[in-house]
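>>> Provide a 3D model corresponding to the input given below.
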Amino acid sequence: MPTERDETILICGGRVYRHDGDTDLPAVADVLIKDGKFARVEPGLRAMHARGELGPVDRVIDADRRLLLPGFFNAHYQSHDTLQKGCFETLTLDHWGAIAMPHAYGRRSREELRARTLVGALECIRSGITTVQDMTSLNPFDGDDLDIVLDTYEEVGLRCVFAPQFANVGRMKVRAFYKDLIPDDQIWRLSGPGRQFPEGADIVDLVEQAIVDRLGKRKLVSFGLGPSSPESCSRDLWEKLADLSARRDLPIYTHIYENKGMTHIARTAYGDWQGSLIRYLGDCGVLGPRLTLAHSVWLLPEEIEIIAQTGTNVALNPIGNLKTRSGIAPTRALLDAGINIGIGCDNCSCSDVQNMFQAMKLYTCLPAVCDPEEGPPWAKDALRAATLGGARSTGRTDLGEIAVGMRADLSIIDLRDISYVPLNSVARQLVFTEGGRAVESVIIDGRLVMSERRILTVDEDALYRDVAEVMPDLLRELSAIRERLAPIRPYIAAAEARTWATDIGVERYVAGHHGFVPAKTPDGSGPVQG
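As a prediction, this is how the structure comes out:
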């Protein structure tokens, strides 16, 4: 008898969503899953099974009045703060980052590492996400802690492209106007209790060795590289990463132009590259199909052309960008240029949710705020980006479609849910109506991980107890960080205000900065947000 993961599964009578087929009313077919792949996708397999013509089948699923949907690929996600959902209002990116990011905290317990990874993974699965690109910061970077995270993904059955996040340039140099406005005797408040890597360590060597030691050890885990952003990593580090990526065929993920402050740094500190981080990355040798640029909100038109010409990928994060007041990405311009786009749900502490339906709706609707002319992205474009786009960004050509030979990642959507009554368009109702409620079952790599809304791989009650045990320490530390940062919050706000008043050659706010009312910092040296 095969193990559960090696099950042969026959799914009968469901509508099968195909990107290039009828996206309004997909045709009904049967799907045979064998050895973790889609073996056959066609009508009539139920009858063949009844006649004994398919060979042994371990599980038959009746999908009448249901939709079979390719598994979503969460193209930008960071599991390190899943336990902080609901902790913050709509803070600016720099304010939120100072409070929420791992560098501000001490080393986390092994129990918390497992619990937070599971919480994020289960939320992903419940919304039909079958793969995550996890760009997590481990602080400190420790092999045993890394194994806990990776083992947890394997345990729950969620596919993961893990890219450890790192940087080697101090925060004062990568935050616009911090050096000008934050008093020298207050800078310490931005630092956490420990370093990610030992002083003087060769980060690339350490990361490479950690990856090499774990290659092929887990079926559902692959690896990438996660330099935090172009400006937060030195030129030498980027050039070493270009070499490592080419030698090991590892994808690279980085944040770029997430907010106006990051873009201001580019304009003022990268004059040799015409104030462009895209030109800078090209000079470092990393532009191309192995690179994915998360956020990409403040791109210039000529930078979009370079991204398209080099085949570089973009991962858009509309939920997190809105909540952190970072601006609206130029989605239509990216599409018009032919750039491969994935969609991410971003951090739980800035988006509060791992829900691709929410992200797809914003991805599709936000361009209308910037461009009233009708045009893409359409609902079917959002579904393609949320599946094939994310898979392509990591070099996977065997994910994102229900087709023979592809890995068997899919969710089963209950079309009896009121969201689909009446059923006028599967694509549009998935994107504009669905919120995740109708996700009934999920299969990842041919393994049934959620059946009829019940997670099969993890004891959820035990997880809830584990979370309750680790939360008091986390919340105490969060409270201490808020207190530590409170005295310099006016200076952070002043830096943000000065950035907003600066012309950087592009605008990504709907109303510009016209609603801004300046005030003064405690020492009278500059404005703060009104």
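
>>> Please enumerate the helices of the stretch 351-500 of the chain.
356-365, 367-370, 379-384, 390-393, 426-432, 460-485, 489-500 (DSSP state H, counting those that start in this stretch).

>>> Could you pull out the buried residues of the first one?
Applying a neighbour-count criterion of 16 or more other Cβ atoms under 10 Å, one finds Met356, Phe357, Gln358, Ala359, Met360, Lys361, Leu362, Tyr363, Thr364 buried in helix 356-365. Where you see a C-beta, it was placed from the backbone N, CA and C, and this is true even at glycine.

>>> what's the answer for the second one, then?
When neighbours are counted by 16+ other Cβ under 10 Å, the buried residues of helix 367-370 are found to be Pro367, Cys370.

>>> packing partners for it?
In terms of contacts (3 or more Cβ pairs under 8 Å, 6 or more residues apart in numbering; DSSP states H and E), helix 367-370 is packed against helix 331-336.

>>> And stretch 187-203, end to end?
25 Å (Cα to Cα, to the nearest Å).

>>> Now tell me which helix or strand of the protein has the poorest mean pLDDT.
Every helix and strand of the chain was ranked by mean pLDDT, DSSP states H and E. The lowest is helix 367-370, at a mean of 86.

>>> could I have that helix exported to CSV, CA atoms only?
Taking Å, rounded to 0.1, in the frame of the first residue of the first chain, the C-alpha atoms of helix 367-370 are listed here in CSV:
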residue,chain,number,x,y,z
PRO,A,367,-4.7,50.4,-11.5
ALA,A,368,-8.1,51.9,-12.0
VAL,A,369,-7.2,54.5,-9.3
CYS,A,370,-4.2,55.7,-11.3
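
>>> pretty sure Asp62 contacts Gly13?
Yes. Counting by Cβ atoms under 8 Å, Asp62 does reach Gly13; the two are 6.5 Å apart.

>>> With distance to Asn317 added, can I get the helices of the stretch 351-500 of the chain in CSV?
As requested, the helices of the stretch 351-500 of the chain are exported to CSV (distance: least, Cβ to Cβ, whole Å):
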stretch, distance to Asn317
helix 356-365, 8
helix 367-370, 15
helix 379-384, 14
helix 390-393, 12
helix 426-432, 17
helix 460-485, 23
helix 489-500, 20
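
>>> Phe162 is in contact with Phe223, correct?
Yes. The criterion here is Cβ under 8 Å, and Phe223 meets it with Phe162 at 5.7 Å.

>>> So Asn74, which state does it fall into?
Three-state call for Asn74 (DSSP: H, G, I helix; E, B strand; the rest coil): strand.

>>> Just give the closest residue to it, not the sequence neighbours.
Among residues not flanking Asn74 along the chain, Val132 sits closest, at 4.4 Å (Cβ to Cβ, 6 or more residues apart in numbering).

>>> thinking again about what came up before, got CSV for the buried residues of helix 356-365, with pLDDT and distance to Gly21 too?
Shown next, in CSV, are these (pLDDT from 0 to 100; distance: Cβ to Cβ, whole Å):
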residue, pLDDT, distance to Gly21
Met356, 97, 20
Phe357, 97, 21
Gln358, 97, 25
Ala359, 97, 23
Met360, 98, 19
Lys361, 97, 22
Leu362, 97, 25
Tyr363, 97, 21
Thr364, 96, 20
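
>>> With respect to Val169, which of those residues is nearest?
Ala359 (29.8 Å; Cβ to Cβ).

>>> mind checking how far the closest one is from Arg332?
17 Å (Cβ to Cβ, to the nearest Å).

>>> Can you spell out which residues form a bridge with Leu69?
Counting by DSSP bridges, Leu69 forms beta bridges with Ser411.

>>> distance of it from Val506?
From Leu69 to Val506 the distance is 36 Å (Cβ to Cβ).

>>> Show me how the record splits this protein into domains.
Domain segmentation of the chain under automatic domain parsing yields 4-70+404-455, 72-393.

>>> residues near Ser137, how many?
If you count neighbours by other Cβ atoms under 10 Å, Ser137 ends up with 20.

>>> doesn't Ala104 make contact with it?
No. Assessed by Cβ under 8 Å, Ser137 is found out of contact with Ala104, at 10.6 Å.

>>> Please enumerate the shared neighbours of these two.
The contact sets of Ser137 and Ala104 do not overlap (Cβ atoms under 8 Å, 6 or more residues apart in numbering).

>>> Alright, that wraps it up for me.
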